[in-house]
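# fold the following, please.
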Amino acid sequence: MVFYRDFVDIYPCIFNFGVKFYFFIKALDFNLNTEEVLKLENSLEFERKNGYSHYIGGRISLPLGGCIDEFLAKNLISMDERKLMMETLYEEKNGMYVFKMGI
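Now for the predicted structure:
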């Protein structure tokens, strides 16, 4: 988790747990023969070949040393607001969100 003054970012914790869990179940030799696992394994192999960590730190930084807490307080939206924004501005095509045409 990444702690800021007024906020806690739990995404790095969740992401890193997912990576650790993958390695845990892989070591147990579970059948992981899915398209999603193949994509993950390709990503992990790319990271290994290029010297990248499989884990993330998750720090947010702003140009010119701005205050993270002020930025988050001003720009975070509720899940209801996000849902409305997604329905208004985007449509789903082939599993990806794209801008609606004609907006």
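# ok, the closest residue to Arg5 other than its chain neighbours - contacts?
Nearest residue to Arg5 in three dimensions, chain neighbours excluded: Asp69, at 4.5 Å (Cβ to Cβ, 6 or more residues apart in numbering). For the C-beta atoms, the positions are set from N, CA and C on the backbone; glycine is no exception. Counting by Cβ atoms under 8 Å, 6 or more residues apart in numbering, Asp69 touches 4-7.
# in strands, which of those residues appear?
The strands, defined by DSSP state E, take in nothing from the contacts of Asp69.
# just the ones of those residues in helices?
Using DSSP state H, no member of the contacts of Asp69 sits in helices.
# look at the residue nearest to Arg5 and report its pLDDT.
pLDDT for Asp69: 89.
# ditto for Ile103
Taking Ile103 on its own, its pLDDT is 57.
# need the three-state assignment for the residue lying closest to Tyr11 once chain neighbours are set aside.
Computed as Cβ to Cβ, 6+ apart, the closest residue to Tyr11 that is not its neighbour in sequence is Gly58, at 6.1 Å. Following DSSP: H, G, I helix; E, B strand; the rest coil, we place Gly58 in the coil state.
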